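Enquirer: Any chance you can model this:
(one chain, ligands or ions: 1)
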Amino acid sequence: MLNATYEPINVCTVRRAAVLLLKEKAEVIEGGKGELHAEHTSIIRPLVIRLLSFVKLPRDRHRRKITRRAVFARDDWTCQYCGTGSGLTVDHVIPRSKGGSSDWTNIVACCAPCNRRKGDRLPAQANMHPARIPGPPSPNVFIQVASPRIPTAWQQWLPDLTAAPVPDAA
Ligand SMILES: [Zn+2]
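Expert: Residues are numbered from 1 along each chain as shown. This next block holds a predicted model:
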């Protein structure tokens, strides 16, 4: 789902997209094969839709749910201390035992060895500082998490998206 400004904002179900189209709140930007049939009409199967009126993005981005996948996607699937892409876990930059919060500004992707090395120390004590200051992720991150395999039709609308590693069989 694109905002009126063509900025990607969300992933929704085909059903939800169809409702928005039938209510004329959105238009189809990319259509797929086949049609969806409603009572008196049929519409192209929507792959990318655009809202016709601008939606202000929620200001409470930092409150969006923190999941490991979203943290990893925000951090480009790399340990924020050594840059490796394997064995990722999450680390509280300021350890919880030292009053660190469990929010987007204090949680980073971290490989297991770095996590062990840093242990319960502050970044300055361990001389380990995250490569990027962590913060709330962009909507693209949630799009990637909602749909680990990005369909081809979406790609041109998501220029900043980092390719996720092939998801586990699970
Ligand atoms: Zn590491």
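Enquirer: pLDDT below threshold where in this structure?
Expert: Counting by pLDDT under 70, the chain contains low-confidence residues at 58-63, 159-170.
Enquirer: Can you give me the domain boundaries for it?
Expert: Here the domain assignment for the chain is 14-58+139-155, 65-126, based on automatic domain parsing.
Enquirer: Would you agree residue 3 is in contact with residue 56?
Expert: No: assessed by CB atoms under 8 Å, residue 3 is found out of contact with residue 56, at 9.1 Å. No exception for glycine: its C-beta is placed from N, CA and C like everyone else's.
Enquirer: of those two, who's got more company?
Expert: With neighbours defined as other CB atoms under 10 Å, residue 3 and residue 56 compare such that residue 3 has more, 17 against 6.
Enquirer: excluding its backbone neighbours, what's nearest that one?
Expert: Leaving aside its chain neighbours, residue 3 sits nearest to residue 9 (5.0 Å; criterion: CB to CB, 6 or more residues apart in numbering).
Enquirer: name the helices or strands packed onto the top strand by length along the chain?
Expert: Longest strand of the chain, by residue count under DSSP state E: strand 26-37. Here strand 26-37 touches helix 14-22, strand 42-51, helix 152-155, going by 3 or more CB pairs under 8 Å, 6 or more residues apart in numbering; DSSP states H and E.
Enquirer: what residues are up against the most centrally placed residue in the chain?
Expert: The chain has residue 141 as the residue nearest its centroid, 1.8 Å off, counting by CA atoms, centre = their mean. By CB atoms under 8 Å, 6 or more residues apart in numbering, the residues touching residue 141 are 70, 73, 74.
Enquirer: before we move on, the earlier item: and the residue nearest to residue 3, what is it in contact with?
Expert: 1, 2, 3, 51, 55, 57, 139.
Enquirer: Then residue 127?
Expert: Not one residue lies near residue 127 by CB under 8 Å, 6+ apart.
Enquirer: what's the spacing between it and the ion?
Expert: Counting by CB to the ion, to the nearest Å, the gap from residue 127 to the ion is 14 Å.
Enquirer: just to revisit the earlier point, buried subset of the contacts of residue 9?
Expert: Buried by 16 or more other CB atoms under 10 Å: 1, 2, 3, 51, 139, out of these.
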